[in-house]
Each structure stands twice: as structure tokens, then as C-alpha cells.
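> Just a sequence and a predicted model for now, questions to come.
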Amino acid sequence: MSKIVIKNVNLIDGSGEDVQKNVSVVIEDGKFTKIASDADVSSGEVIDGQGKYMLPGMIDTHVHLSTEFKPLAERVATPFSYNFYEAIRYAERTIDAGVTTVRDALGSSLGFKQAINDGLVRGPRMQVSINGLSITGGHGDGLNYSGIDLGIVHPYEGMPDAIADGVEEVRKKTREMLRAGADVIKVMATGGVSSPTDHPKFTQYSLEELKVIVEEAQFRNGVKVMAHAQGLEGIKNCVEAGIHSIEHGIYLDDEVIEKMKEKGTYLVPTLLAPVSVIEFADELGISEVGLKKSKEVMDAHKESFKKAYDAGVKIAMGTDAGVFKHGTNLRELELMVDAGATPMDAIVISTKNAAECMEIENLGLVKEGYLADFILVDGNPLDDIGLLKDNDRIKVVAKDGKVLKSIE
């Protein structure tokens, strides 16, 4: 039986409770077993926290771990298989940022998840959606007016094509994603910022189609549905259809916010996505159309998050990493605080709430019996939430009680 004791830490346990000063945390067989000022340190490996702050491993419920935007010329010149090797680096950067669990919102196959589980790749725990269902000409359709397909995900073994129109096609595509190993179904319910031929406010799948997707995934197979939904009408359709989480949620009104509260629908705001697209447009190869739409949505996005937060909507942290650089995920907490959240709430949103959104019951808290995912941080994030975006301040990262990153 393996045993690790982390002593002399200040604990922010993810519950929203006050900091526990100068405590010791005991880990046995990958789970937290004791938290106390007088924890038994007579046996096992001892790590001196040196007064650092311990938090649960961070959870990002919206990433694309197998992809990262890059300029068109570079994409065209990259051999297809090279992308899989790059994804290993994305996984490592995610861990080094302090993110120990992710929900992949399209682009990662079951094999990538299994490679991480088996220790072939140093990366976060994953739930995968495989590919995102989209209408022809919708947010998941990369075909440009030129006739050239510049989509970031192309079909291969284990990665089904995801274009589907009409009730029976979406039913079949949902079944195909489940067959490919999807832990969650992703659907593009509205247009988007990065897609070439639509707009974030455009409504795409109908209410009837969305209900069928939920029926096949959740009611028949116990798998929840996450929806890329930015425009108001599309968001309302998603909530009405019983979709589990609204991704982005750029244009919310009071009516849909109340409906989300009533139904327990999660908001995954991804405030970092348009900010990073604007800041790194040239480096990422963002089109002029994408850049223009990102600038257009900025204010509404921030306002919608604030309204949902103030109203008490369930919120889980998500970033859209992959649209921008992996490993910059925890800047999302600073943006949530800038938009009106308290630092403590931003941490809860990124740990406890995110685990609940992913329906992992024993994750997201430093608590006896929970999976021993944690980070040690140089500094108090309640005084300066922005320090979490500096990967050099994340000194230790552990998943299932195993240290995956440790720097002096």
C-alpha cells in the first residue's frame, strides 16, 4: 500500500470553505485519506509543502486536446500522423498547467484517452466526445466558399464524420459516436466564431433534432450532451431539449437563465477563447472573419457570464483550449474574476463544479475518499488569482496520487 504525506501546506479544498492553514494531507493508494494538523507522518513518502497552497487538480470541461490552431500553410505542410505526436505535447502542457482532468469537446479518439490511462502519455484524465455533430454548413463543417475543406477534424478509424441533417441522421450519428467510445455527445447547436460560413447568432439544429440526440444519448445510454450554443434562440432550444451543458453561452437573456436554473443546466463559459484568438491571431492563423467575430462577441460574452453567475446558474470551468495554445488554461479563472466572480468561486467553478458537471463523484475536492488530484502553488491565489496562469508558479501537479510535475 503506497502512502504519501504532504505536510506544511495551506489548503484550499475546492468546497468554498476557508483556507486551512498549516495542515498535512495523507494520500494512500491514490486517494486522500486524512487531512489534519497532526497527520501521521511516521511512514510513507513525505513531501514538505513549505507553506505553499494546495488546491484540487484543476478541471477543464471544454478542450480540444488533439488539435491546436496554426497558420494554414503550416497545417497544409504537416503530415497527418504528425498531429498525433503533437497531441502528446498538448497533453503534457495541460498537466504542467495544473489541469488534471479534461472533457474533450471533439477531436480526440478513444485511443488517446486509453494511452493516457495506460501511462503511455503524461496527460490529464479524459472524457471524450469523439466528434461534434453539425449540420451541413454549420459550425462543424469546415468547407469554405472555395470548396476547400479546412476543418480541424477529419475522419479516420475511430473518428467518424459528424455532419448530419434531419432527425434520422442525427440519431444515427449519435449512435456512431457512442459506438466509437464517446463519454459525452457534442452537438453544434448554433453558428460560431471560428467557422467560415455562419455566425454565432445563427440557429442550426432544430428543437426536434436536439431532442432526438438527447433521447439517444442520455435516455437510452446514460450519456449526457454538451452543446456549442452561442446565439440566444439556439441556447433556448438546447435547454428545452434537456441538454446537460451550454458551451460558450455568449448571448443569454433573463428568461433562458431562469430556465437553466430550473433545469439544472450547466454553463461552460470559455471566456478565454475569444480573448486568446484576438491576442494571438497571427500566430494561430486566425482568419479575418474569425478575428472580426471574436471582437464582436467580447462584451456580450462577459455580460452573459456575469448575469448567469449573479443569478446562480451552475457554472463549470472550460476554456476551448486547442482553439488557442494548450497550457494556458488557468487564465480562465482570472477572466472569471474580472467578469465579477470572487476568486474562491472561480476555484470552486474549476474544481468541485467542474467535477459535478462531468459527473465524477469522487473528484474535485481535497477530501477524504476522493481521488488524490492536487496542485501546489507558490502564492495565495485568493490574493492574486492571476498567479495560476503562470505555470512556473504551479510547483507540483499530481493525479491519482502520482506526481506528474515537480519543480523547485
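Arrived safely, thanks for sending. Nothing here was measured: the structure is a model prediction, and the numbers come from that model.
> For the stretch 201-350 of the chain, which residues score under the pLDDT cut-off?
Scanning the stretch 201-350 of the chain for pLDDT under 70 picks out the ranges 285-287, 289-291, 293.
> in it, which spans are helices?
Secondary structure of the stretch 201-350 of the chain (DSSP state H, counting those that start in this stretch): helices at 207-214, 220-221, 232-241, 254-263, 272-279, 281-284, 288-311, 331-338, 343-349.
> residue contacts, residue 327?
90, 93, 94, 96, 97, 321, 391 (C-beta atoms under 8 Å, 6 or more residues apart in numbering). Heads up, the C-betas are built off the backbone N, CA and C, glycines and all.
> show me the contacts for the last one.
Same thing as residue 391. For residue 391, the contact set (C-beta under 8 Å, 6+ apart) comprises 96, 97, 98, 327.
> Tell me the one of those nearest residue 310?
Nearest to residue 310 among those, counting by C-beta to C-beta, is residue 98 at 27.4 Å.
> The closest one contacts residue 375, doesn't it?
Yes. At 4.3 Å, residue 98 counts as touching residue 375 under the criterion of C-beta atoms under 8 Å.
> okay, these two: which has more neighbours?
Each of residue 98 and residue 375 has its neighbours counted (other C-beta atoms under 10 Å); residue 98 has more, 30 against 25.
> gap between the more buried one and residue 279?
21 Å (C-beta to C-beta, to the nearest Å).
> about what we covered before: which residues are common contacts for residue 98 and residue 375?
Common neighbours of residue 98 and residue 375 (criterion: C-beta under 8 Å, 6+ apart): 55, 57, 58, 394, 397.
> Filter those residues down to the ones in strands?
The strands, defined by DSSP state E, take in 55, 58, 394, 397 from these.
> For the last one, which non-adjacent residue is spatially closest?
Closest residue to residue 397 apart from its sequence neighbours, by C-beta to C-beta, 6 or more residues apart in numbering: residue 405 at 4.0 Å.
> and the host helix or strand of the one you found, which residues are buried?
Residue 405 belongs to strand 402-406 when assigned by DSSP states H and E. Neighbour-count burial for strand 402-406, counted by 16 or more other C-beta atoms under 10 Å, picks out 404, 405.
> Show me what it packs onto, helices and strands only.
Under the contact definition 3 or more C-beta pairs under 8 Å, 6 or more residues apart in numbering; DSSP states H and E, strand 402-406 sits against helix 82-96, strand 394-399.
> What's the first helix or strand after the longest one?
Think helix 82-96. Moving toward the C-terminus from helix 82-96, the next element (DSSP H and E) is strand 99-104.
> counting contacts, what elements does that following strand pack onto?
Using 3+ C-beta pairs under 8 Å, 6+ apart: strand 99-104 touches strand 58-63, strand 125-128, helix 352-357, strand 394-399.
> The same query, at a cut-off of 7 Å, please.
The contact analysis (3 or more C-beta pairs under 7 Å, 6 or more residues apart in numbering; DSSP states H and E) places strand 99-104 against strand 58-63, strand 125-128.
> give the contact list for residue 116.
91, 123, 126 (C-beta atoms under 7 Å, 6 or more residues apart in numbering).
> Same list, these, but as CSV with pLDDT please.
CSV is the format used below for the contacts of residue 116 (pLDDT from 0 to 100):
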residue, pLDDT
91, 98
123, 98
126, 98
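> Tell me the one of these nearest residue 252?
Using C-beta to C-beta, those come closest to residue 252 at residue 126, 28.5 Å.
> that older thread, include distance to residue 155 when you put the helices of the stretch 201-350 of the chain into TSV, please.
Formatted as TSV, the helices of the stretch 201-350 of the chain follow (distance: least, C-beta to C-beta, whole Å):
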stretch	distance to residue 155
helix 207-214	19
helix 220-221	22
helix 232-241	25
helix 254-263	33
helix 272-279	25
helix 281-284	24
helix 288-311	23
helix 331-338	30
helix 343-349	34
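> Out of those, flag the one nearest residue 24.
That would be, of the helices of the stretch 201-350 of the chain and by C-beta to C-beta, helix 343-349, which comes in at 21.0 Å.
> mind checking how far the residue nearest to residue 274 when sequence neighbours are not counted is from residue 277?
Leaving aside its sequence neighbours, residue 274 sits nearest to residue 294 (C-beta to C-beta, 6+ apart; 4.1 Å). Per C-beta to C-beta, residue 294 is found 4 Å from residue 277.
> Thanks again, I'm all set now.
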